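Undergrad: Below is the sequence, then the predicted model.
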Amino acid sequence: MKIAALIAATALTLSAGATLAAGYGSNNGYGQNNGGYTQKQTTYVAPAPVIKILVDESGRTLYNFDNDNYGVSNCYGGCANDWPPYYAPANATPYGNYTVIQRNDGQYQWAYKGQPLYYWAGDVNPGDRNGDGIGGVWHVVVIK
C-alpha cells in the first residue's frame, strides 16, 4: 500500500471513531456551570496487527503439529491422510529456517525451525486456514 493511501486510511479511521457527548447542561454535577458547552471525544480504534502465515509456493497454508518433536514427525497412517506432509525431494537443500527431515517411512519432509510442515485435507483453496486449532494441536505456522 502506498504511503499516501495508508495515511488516508488512518485519517479515515480516526474520523470514523465514536463521538461521545460529555455535557451536563448548565451544571456539571460539581457546582460549576459549563456554560452549555458540550465536550466531544473521538475514540481511536487501532487496526489489527498484520500476521504472516507460512504457505507453500501455490499459496496453500502450512501447519505444525504439537505432538511432533524437533526434527521428528509423529503423523503417520490416518493422521497423514488428514494432514498430508509437505514433502521435500530427497536432494532438497535446507536454507535459513527451512530444514528437511527424514520420516520413518523414508520420505523427506520440509520443516520450519525444526517443526515438520503439513497441509490440512479440509483446505480446498489457496489461503484457506480451516485446520487451524483442530484438536487443539494443529496450528497455522506464523512467521515471526
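TA: Happy to help now that I have it.
Undergrad: would you list every one of the strands in the chain?
TA: 19-21, 40-42, 52-53, 63-65, 87-88, 98-102, 108-112, 115-116, 138-140, 142-143 (DSSP state E).
Undergrad: can you tell me which residues contact Gly136?
TA: By CB atoms under 8 Å, 6 or more residues apart in numbering, the contact set of Gly136 is Asp66. All C-beta atoms are positioned from the backbone trio N, CA, C, and that covers glycine.
Undergrad: where does the chain dip in pLDDT?
TA: 1-39 (pLDDT under 70).
Undergrad: Which residue would you name as the spatial centre of it?
TA: Using CA atoms, centre = their mean, the residue of the chain that lies closest to the mean C-alpha position is Ile51, 4.4 Å off.
Undergrad: could you pull out the helices for this protein?
TA: According to DSSP state H, the chain carries its helices in the segments 3-15, 78-82.
Undergrad: is it true that Pro94 touches Val100?
TA: Yes: here Pro94 reaches Val100: they are 5.5 Å apart, a contact under CB atoms under 8 Å.
Undergrad: Contact partners for Tyr70?
TA: Tyr70 is in contact with 114-115, counting by CB under 8 Å, 6+ apart.
Undergrad: tell me the phi and psi of it?
TA: Main-chain dihedrals, Tyr70, degrees, to the nearest 10: phi -60, psi 120.
Undergrad: Tell me the spacing between Tyr118 and Gly127.
TA: According to CB to CB, to the nearest Å, Tyr118 and Gly127 sit 16 Å apart.
Undergrad: show me the contacts for the closest residue in space to Gln115 that isn't next to it in sequence.
TA: In space, and not counting its chain neighbours, Gln115 is closest to Asn64: 4.7 Å by CB to CB, 6 or more residues apart in numbering. Contact analysis of Asn64 by CB under 8 Å, 6+ apart lists 112, 115-118, 138-139, 141.
Undergrad: what's the farthest-apart pair in these?
TA: Using CB to CB, the contacts of Asn64 span at most 14.4 Å, a distance reached by Tyr112 and Trp138.
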